[in-house]
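Just to be clear, the model below is a prediction. Sequence and coordinates:
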Amino acid sequence: MSEMIDGKAVAARVKEAARIRAVEFERANGRKIGLAVVRVGDDPASCIYVRNKIKACEQCGVASYTHVFDEKTTQAELIDFLGKLNADANVDGILVQLPLPKHIDERACIAAISPQKDADGFNAVNAGKLFLGERDGVVACTPRGIIELIRSTGVSIAGKHAVVVGRSNIVGKPIAALLLNNDATVTVCHSKTQDLREYTLSADILVVAVGKKHFITADMIKRGAVVIDVGMNRDETGLYGDVDYENAKDVAGHITPVPGGVGPMTVAMLISNTVDGACK
Ligand code: GUN
């Protein structure tokens, strides 16, 4: 039997630390720390994520400024608006909820956010700093949250074989870089990997971010491994991770549930990044 990693409890600690710093900032500066949240269109999952982020701001004494744009908004309009947020002295962090409608180039929008206000850490400057091992950049929220969750288990990362399944810009690539910066031996697997099971079975730390319900089964997990499930797969019957939790929990040493694992940490780290940005 494994130990469940309680993402809600770890996230509550991170948010409480952020709240204390936000109160101190307000006392010293006479204004609240501010996070601008931009959503385009009404993708149902994005609406849920944005709502959770706004709620976390309220809990932590951070002002949230939500801007909802019509699905048909042009890229030029959005980039122009981001420029205004960059210049707004009450805004310390900016977040553009992804995915954006198809006619908008996500890269161009992310590039339009000032690296100092890039609460998601998706800007090329911040991603580059992470890959260079420079510590003064903003680290993407989900990868930062994953490192905290691994630390919460007491299992040390240095020297371990960490296997990341998935190579997205928002999870797979940055978590691979972070694990490497923490002295893990890192393997990145993806949709073209041959004999995936051979890799996952040798993972002391397994991070799965592929977006496929129950893609990783118990027979693919090394006994005692730390398993971090980033999946958020919704269907008519509920919300499911990328790992078959019910069976995997008998093999893993520590494992995150879905929901209640990585999800709350992403939100907590967003607040933490915003507070860090304001205090810099
Ligand atoms: N879409 C899925 N995950 C994320 C995230 O962490 N940040 C933003 N902005 N959009 C997302």
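Nice, I can see it. Predicted model only: the values in this text are computed from it and were never measured.

Up against the ligand, what does the stretch 151-280 of the chain have?
The interface of the stretch 151-280 of the chain toward the ligand, taken as CB under 6 Å from any ligand atom, is made up of 170, 266. C-beta here means a position set from N, CA and C on the backbone, and glycine is covered the same way.

And the helices in the stretch 151-280 of the chain?
Counting by DSSP state H, counting those that start in this stretch, one finds helices in the stretch 151-280 of the chain at the ranges 172-181, 196-200, 245-248, 262-279.

Which elements pack onto the first one?
Right, helix 172-181. helix 124-132, helix 141-152, strand 161-165, strand 185-189, strand 205-208 (3 or more CB pairs under 8 Å, 6 or more residues apart in numbering; DSSP states H and E).

The ones you listed into CSV, with extra columns for distance to residue 68?
Putting those into CSV (distance: least, CB to CB, whole Å) gives the following:
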stretch, distance to residue 68
helix 124-132, 25
helix 141-152, 21
strand 161-165, 33
strand 185-189, 35
strand 205-208, 32
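
and these, which is most packed in?
The highest average neighbour count among the helices and strands packed on helix 172-181, using mean count of other CB atoms under 10 Å, belongs to strand 205-208 at a mean of 28.

Quick one: mean pLDDT for that strand?
Mean pLDDT, strand 205-208: 99.

neighbouring contacts of it?
When contacts are taken as CB atoms under 8 Å, 6 or more residues apart in numbering, the neighbours of strand 205-208 outside the stretch itself are 146, 150, 155, 157, 160-166, 175, 179, 184, 200, 215-216, 221-222, 225-231, 241-243.

since we're on the residue of the chain at minimum distance from the ligand, how many residues are nearby?
As assessed by CB to the nearest ligand atom, the ligand sits closest to residue 98 within the chain, at 3.7 Å. Applying other CB atoms under 10 Å, we find 17 residues neighbouring residue 98.

same thing with residue 257?
Counted with other CB under 10 Å, the neighbours of residue 257 add up to 18.

Which parts of this structure are strands?
Taking DSSP state E as the criterion, the chain contains strands spanning 3-4, 34-40, 63-69, 93-96, 161-165, 185-189, 205-208, 226-229, 233-235, 238-240, 254-255.

residues in contact with the fourth one?
The one in question is strand 93-96. The set of residues external to strand 93-96 that reach it, using CB under 8 Å, 6+ apart, is 33-38, 40, 53, 78, 82, 85-86, 109-110, 113-114, 117-120, 270, 273-274, 277-278.

what about that strand, near the ligand?
Yes: using CB under 6 Å from any ligand atom, strand 93-96 comes into contact with the ligand via 95-96.

tell me the mean pLDDT for that strand?
So the average pLDDT for strand 93-96 ends up being 98.

Please save the CA atoms from it in PDB.
Taking Å, rounded to 0.1, in the frame of the first residue of the first chain, the C-alpha atoms of strand 93-96 are listed here in PDB:
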ATOM      1  CA  GLY A  93       1.300  39.200 -12.400                       C
ATOM      2  CA  ILE A  94      -0.400  38.400 -15.700                       C
ATOM      3  CA  LEU A  95      -1.900  35.100 -16.700                       C
ATOM      4  CA  VAL A  96      -3.500  34.200 -20.000                       C
END
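
Off-centre distance for it?
Its chain's C-alpha centre and that of strand 93-96 lie 13 Å apart, by CA atoms, centre = their mean, to the nearest Å.

Could you do stretch 175-182 as well?
14 Å.

Show me the shaky parts of this protein.
Within the chain, no stretch has pLDDT under 70.
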